[in-house]
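Q: below are the sequence and a predicted model for it; my questions follow.
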Amino acid sequence: MEEKMDYKKKVAAALAPALNEYLTDTEIYEKIEIPKESKMGDYAFPTFTLAKVLRKAPQMIASELVEKIDQDQFEKVEVAGPYINFFLDKTAFGAEVLGTVLSQKAEYGQNDDGNQGNVPIDMSSPNIAKPISMGHLRSTVIGNSLSLIMSKNGYNPIKINHLGDWGTQFGKLITAYKLWGSEEEVKADPINKLLEYYVRFHKEDQEKPELDDIARDWFKKLEDGDEEAMNLWQWFREESLKSFKQIYDKLGITFDSYKGEAFYNDKMDEIVQILEDKGLLKESQGAQVVDLEKYNLNPALIKKTDGATLYITRDLAAALYRYRTYDFNQSLYVVGAEQTNHFKQLKAVLKEMGFDWSDDVHHIPFGLITLNGKKLSTRSGRVVLLDEVLNDAVSLAKKQINDKNPDLANADTVAKEVGVGAVIFHDLKNERTNSFDFNLEDVVRFEGETGPYVQYSRARAESILRKAGDVEEFAQLNITDPKAWDTLKALQDFPNIVKRAAAQYEPSVIAKYALGLAKAFNKYYANSKILADDEEKTARLALVKSVSIVLEESLRLLGVKAPDEM
RNA sequence: GGUUCGGUAGCUCAGCUGGAUAGAGCAUCCGCCUUCUAAGCGGACGGUCGAGAGUUCGAAUCUCUCCCGAAUCACCA
């Protein structure tokens, strides 16, 4: 199927007989480009490179070359200066694309490049007892979309929520809870109360440094498995997770594993042992480090002066655990760009340990969300709570529905899908690594290049299909209306887009594509009477149906719902 | 200071492996609902692609230098 739909190959084949004297088939194929505007054709072959070999002006080469080309299978082939422009047979092309989409439906664009290989994806990973902010949204939403994209490319993704459920902050939290907290309070509003205790601890320990000693003791007890400490820890974890899950539900995201930092407590000794056995550990200023000078990196700090392990030790244990558990094809970490250095170190240490699979470990960085140009920080109170943003977005969507479509049956459900969709889409539409300053109006915008625009485009398509009586059989698929051309070409491009999104680990590739397809379709919709009674009506409905399928699938790959009406 | 990433229209950003007059959205102004959802469509306005040099038939795209911004640079994660 893919071969059949590769029209560039057809162009290359047409050029080959006239050019094989100078260029190989692949060279020809690679030189073919897609013109910016469709009036310049669907494919173009520039002749500049031949000018040297042939010692002729490119324009002349083009006009001579075009004479030798078999033009039968194209609508036309014409010379435009130094370019040879190829125009495809639009009707045949369209019929082929529509036939493919309609027969494959949601499977359209699916490929088996991944060969069912496992791909654990480290994503979301919020800290226990802290609210989920817009910062976590990025990791969550990018990771989720990547899992869907990888799956569309034949991989088997495993979504891992590597919870921040261990560390000295739990000593502080327990201390604060014992001093000022109560069970009822926490149960009523776990995250906010726990955060409140934590913040109060940090305020009061400025003047009462003895609090830090108590906190240290509690963490020590926790590490030693003290029953009271463990029970409190367990309880904080559960309550936090409950409230995290409410947000994940709103986003429509699930996980395959919630193994967090604590899970690796008993798995770090082995890492230290391996490092020792391989003679990689060196003492430096009282600490144990792995020298990474040959990677042009700072030494990796494995054990602190007091013998305690660090973040990287835990991540090494997690990396090895994931390798053993999943025998992964690749292992992804959707973590902010500010941790790039850490992941370089992680990979380097794995390499030093002799694990050749370290090459399959990939950090997928993303840009920072700032507020008024400054980094978000829980302690300083500069937070944008995700839950509030989602709620704002949903109520704005509801208001919009009341204004524009007051009779809509399931208005509340649709408001959720549109509001949440707007937030997710906004996060995914630009390149991952771009940073952005948080602005509520931008995030919940419903017009222009937004999630709701794509949803709306598809809802209009669905509306037409309903009016047409939900046709399932399409008698014929030939469309001669040139206004449908851009939409048909966009539909045909989807399988390539799916591959590119996976190769670049970029949800924005899908988002941009969805916008482009929606835009092409809206233009068509505005200028053509789809339900007109003529012999091409079924073909037009086939186009509408195909657009709906591919838009829905694009949105699905982003983790955004596609309501039939809005 | 070292490393990494970025600097394209008033704002937010596209621009695939260098190619034909640099594109969208938002904002501003104007037009289009007695045609299928106006969350839409069309038009106008708007750019020395940070600066300079180089490679090339051709550079927003590749190389170098400089300017500006952000992240990061061992006992947090």
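A: Okay, I see it.
Q: per-domain residue ranges of chain A.
A: Per automatic domain parsing, the domain ranges recorded for chain A read A:7-88, A:167-237, A:425-558.
Q: would you mind finding the most buried of these?
A: Counting by mean count of other Cβ atoms under 10 Å, domain A:425-558 has the highest mean neighbour count of these, with a mean of 19. In this view, the C-beta of every residue, glycine as well, is placed from N, C-alpha and C.
Q: one step back: need the domains of chain A in TSV with mean pLDDT, can you?
A: As requested, the domains of chain A are arranged in TSV below (pLDDT from 0 to 100):
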stretch	mean pLDDT
domain A:7-88	89
domain A:167-237	90
domain A:425-558	94
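Q: could I get the ones you listed as a markdown table with distance to residue A:279?
A: Formatted as a markdown table, the domains of chain A follow (distance: least, Cβ to Cβ, whole Å):
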| stretch | distance to residue A:279 |
| --- | --- |
| domain A:7-88 | 48 |
| domain A:167-237 | 28 |
| domain A:425-558 | 35 |
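Q: with distance to RNA strand B as extra columns, can I get the ones you listed in TSV?
A: TSV is the format used below for the domains of chain A (distance: least, Cβ to the nearest atom of the strand, whole Å):
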stretch	distance to RNA strand B
domain A:7-88	3
domain A:167-237	4
domain A:425-558	2
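Q: for those domains, which one sits closest to residue A:353?
A: Of all these, it is domain A:167-237 that lies closest to residue A:353, at 24.2 Å by Cβ to Cβ.
Q: would stretch A:356-374 count as contacting RNA strand B?
A: Yes. Counting by Cβ under 7 Å from any atom of the strand, contacts between stretch A:356-374 and RNA strand B involve residue A:368.
Q: and the longest helix belonging to chain A, how far out from the chain middle?
A: As assigned by DSSP state H, the longest helix anywhere in chain A is helix A:227-251. Centroid separation for helix A:227-251 versus its chain: 26 Å, with Cα atoms, centre = their mean, to the nearest Å.
Q: other SSEs contacting that helix?
A: On a contact count with 3 or more Cβ pairs under 8 Å, 6 or more residues apart in numbering; DSSP states H and E, helix A:227-251 meets helix A:134-152, helix A:169-180, helix A:183-188, helix A:190-204, helix A:210-223, helix A:386-404, helix A:411-428.
Q: got those as TSV, with distance to residue A:564 columns?
A: Formatted as TSV, those follow (distance: least, Cβ to Cβ, whole Å):
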stretch	distance to residue A:564
helix A:134-152	21
helix A:169-180	46
helix A:183-188	39
helix A:190-204	35
helix A:210-223	51
helix A:386-404	14
helix A:411-428	9
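Q: and residue A:383, how far is that from RNA strand B?
A: Going from residue A:383 to RNA strand B by Cβ to the nearest atom of the strand, to the nearest Å gives 16 Å.
Q: do you know how far that residue is from residue A:207?
A: Taking Cβ to Cβ, to the nearest Å as the criterion, residue A:383 is separated from residue A:207 by 25 Å.
Q: tell me the angle of the longest helix of chain A relative to helix A:210-223?
A: Using axes from the mean of the first three to the mean of the last three Cα atoms, to 10 degrees, the inter-axis angle of helix A:227-251 relative to helix A:210-223 is 90 degrees.
Q: where does residue A:370 fall, helix, sheet strand or coil?
A: In three-state terms, and counting by DSSP: H, G, I helix; E, B strand; the rest coil, residue A:370 is strand.
Q: touching, it and residue A:438? I think so.
A: Yes. The criterion here is Cβ atoms under 8 Å, and residue A:370 meets it with residue A:438 at 6.8 Å.
Q: and for the two, which residues touch both?
A: Counting by Cβ atoms under 8 Å, 6 or more residues apart in numbering, the residues touching both residue A:370 and residue A:438 are residue A:376.
Q: enumerate the residues of the stretch 251-400 of chain A near RNA strand B.
A: With Cβ under 7 Å from any atom of the strand as the criterion, the stretch 251-400 of chain A comes near RNA strand B at residues A:261, A:284-287, A:289, A:298-299, A:301, A:304-306, A:308, A:310-311, A:314, A:337-342, A:368, A:375, A:397, A:400.
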